[in-house]
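**Q** no sequence for this one, just the structure:
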């Protein structure tokens, strides 16, 4: 398996994985997420960005997973200690390739990317219903630092 930065020629398989990812999220929270087809503009803008990247996992010349990361800086607000950090926007490994170390390898690429950019930490948002994913992130030594609470009207 190879982990590398995505290039524009990778957009089609990335779109297929995004479509799988959108369906998964829609299944977990159907009131808030739609199962849509990714047309390509979003991954293209990420690949072309100076402050974000997509790393892909390639097995036998097939992209089987990716992780989208971006650099974020806190807003200039006096009560907040100013800092920069990496935000994992999306992570998916196609179902038939899960539990083979691919997610960990993608996560390692993001950790290295973040260190090279001299960022303070790596952060992400995960749906409460994604219990298997939460276990994976805890295995990767991520800690819960806040909770999003919602009151539905």
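**A** Yep, it's here. Source: prediction; values computed, not measured. Numbers count the residues shown, from 1 in each chain.

**Q** okay, now residue 1: neighbour count?
**A** Burial measure for residue 1: 13 neighbouring residues, criterion other Cβ atoms under 10 Å. The C-beta positions use only the backbone N, C-alpha and C, and glycine is treated the same way.

**Q** how far away is it from residue 89?
**A** 22 Å (Cβ to Cβ, to the nearest Å).

**Q** contacts for the helix or strand bottoming out on mean pLDDT in the chain?
**A** Using mean pLDDT, DSSP states H and E, the weakest-scoring helix or strand in the chain turns out to be helix 131-139, at a mean of 84. For helix 131-139, contacts defined as Cβ atoms under 8 Å, 6 or more residues apart in numbering pick out 103, 124, 126-127.

**Q** of those, buried ones?
**A** 103, 124 (16 or more other Cβ atoms under 10 Å).

**Q** all helices for the chain, in order.
**A** Using DSSP state H, the helices found in the chain span residues 11-28, 41-48, 102-116, 131-139.

**Q** ok, residue 127 - contacts?
**A** Contacts of residue 127 by Cβ under 8 Å, 6+ apart are 25, 28-29, 133.

**Q** same thing with residue 18?
**A** 38, 42-43, 90, 92.

**Q** how does it look with 6 Å?
**A** residue 38 (Cβ atoms under 6 Å, 6 or more residues apart in numbering).
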